[in-house]
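A.B. asks: compute the structure for the input listed below.
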Amino acid sequence: MKKLKNKQVSTLYKIIVSLFFMLPFGVFSQQDTLQMKREARSLLREGNKLYAKEKFDEASIAYRKALGKYGKYDKASYNHGNSLYQGKKYKEAVSEYELAAKSTDNKISKAEAYHNMGNSMMELKKYQQAVDAYKNALRNNPKDDETRYNLAVAQKKLKKQQQNQKDNKDKNKKDKKDNKKDKDKNKDNKENKDKKDQNKENKDDQNKKDDQKKPEDNKKQQNDKKDNQKDQQQKPKQGKMTPEQMKQLLESLNNEEKKTQKKMNVKKAKGRKIKQEKDW
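C.D. replies: Below is the predicted model of the structure:
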């Protein structure tokens, strides 16, 4: 039998030593994992008891401790999501249900996690996400009639939400159009008002200019006015005579009347027949 060379012995020794240290480490690591699972399971049971007593906040703490011991504990994530849901912390619950669905290969467990995720989305009024969650639940458990019913409700609410969004969009568009019309109308009214104000201002300026004519022009107008008044005073009014004129006229009429009377007497004398006595 050949002896192993020193180099070969040295190499073999190193391998044996390495296996010696690795073997206990692997055993200890597996034992630690089992211990953490046991502690996580104990905390899960504690949380379930608190949940049954409707102490949801305390139950949530217990479930978080269980997940701290073993992070891929799908039951702890699922129950933690339920406690958050009961505490109306729907957004946080969604994250736990999603973690539970990813942490298990059991289709029924996945379906339950997606079902509760859909319920949380319904509470958040995120109907599209709720529809998607319920569909994922039915893919894993097609026979779940409760999920199918919830899906129909979510689809109905989603349709109504989309219609309301469309109506609001149309209303906003109409309001925007009406606001533009009102704005244009106000602009026209403002322009008309500005135009009237400008015309009034121009008129006031013209009146002010007329009032501020040159003193010479005003003086001339005043002199012309005085001259016209003087001419009107000197000129006798038509149809009236001065007393002197009336006296002269009366004397002239009397003289004319005397002359006329004298002529009439002469004519009477010539025309009067003389009565003669007959001589036979």
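
A.B. asks: buried residues in stretch 101-109?
C.D. replies: Ala101, Ser103, Thr104, Ser109 (16 or more other C-beta atoms under 10 Å). The C-beta positions use only the backbone N, C-alpha and C, and glycine is treated the same way.

A.B. asks: tell me which residues touch Glu244, please.
C.D. replies: Not one residue lies near Glu244 by C-beta atoms under 8 Å, 6 or more residues apart in numbering.

A.B. asks: secondary structure element for it?
C.D. replies: Per DSSP states H and E: Glu244 is located in helix 243-271.

A.B. asks: returning to what we had before: from the buried residues of stretch 101-109, pick the one nearest Lys259.
C.D. replies: Within those, proximity to Lys259 (C-beta to C-beta) peaks at Ala101, which comes in at 154.3 Å.

A.B. asks: quick one: contacts for the residue nearest to the closest one when sequence neighbours are not counted?
C.D. replies: Leaving aside its sequence neighbours, Ala101 sits nearest to Ala113 (C-beta to C-beta, 6 or more residues apart in numbering; 4.0 Å). Each residue near Ala113 by C-beta under 8 Å, 6+ apart is listed here: Asp74, Ser77, Tyr78, Gly81, Tyr97, Glu98, Ala100, Ala101, Thr104.

A.B. asks: same check, this time on Leu158
C.D. replies: Applying C-beta under 8 Å, 6+ apart, we find Leu158 in contact with Tyr127, Gln128, Ala130, Val131.

A.B. asks: thought the third one was touching Tyr114?
C.D. replies: No: with the criterion set as C-beta atoms under 8 Å, Ala130 and Tyr114 do not qualify as a contacting pair; they are 10.4 Å apart.

A.B. asks: how deep is Gln163 tucked in, by neighbour count?
C.D. replies: Look at Gln163: counted by other C-beta atoms under 10 Å, it has 10 neighbours.

A.B. asks: helix or strand: which one has it?
C.D. replies: helix 145-211.

A.B. asks: next: His115.
C.D. replies: His115 belongs to helix 107-123 when assigned by DSSP H and E.

A.B. asks: related to what we said a few turns ago, for the contacts of Leu158, which one is nearest Asn119?
C.D. replies: When the contacts of Leu158 are ranked by distance to Asn119 (C-beta to C-beta), Ala130 comes first, at 7.7 Å.

A.B. asks: contact partners for the closest one?
C.D. replies: Counting by C-beta under 8 Å, 6+ apart, Ala130 has contacts Gly118, Asn119, Met121, Met122, Asn150, Ala154, Leu158.

A.B. asks: quick check: the two most widely separated of the residues you listed?
C.D. replies: Counting by C-beta to C-beta, the most remote pair of those is Asn119 and Leu158, 14.8 Å apart.

A.B. asks: residues touching the closest residue to Thr104 other than its chain neighbours, list them.
C.D. replies: Nearest non-adjacent residue to Thr104, counting by C-beta to C-beta, 6+ apart: Asp74, 4.0 Å away. Each residue near Asp74 by C-beta under 8 Å, 6+ apart is listed here: Leu99, Ala100, Ser103, Thr104, Ser109, Ala113.

A.B. asks: same thing but 10 Å
C.D. replies: If you count contacts by C-beta atoms under 10 Å, 6 or more residues apart in numbering, Asp74 has them with Leu99, Ala100, Ala101, Lys102, Ser103, Thr104, Asp105, Asn106, Ser109, Lys110, Ala113.

A.B. asks: the fourth one contacts Gly71, doesn't it?
C.D. replies: No: proximity of Lys102 to Gly71 does not meet the contact threshold set by C-beta atoms under 10 Å, at 11.4 Å.
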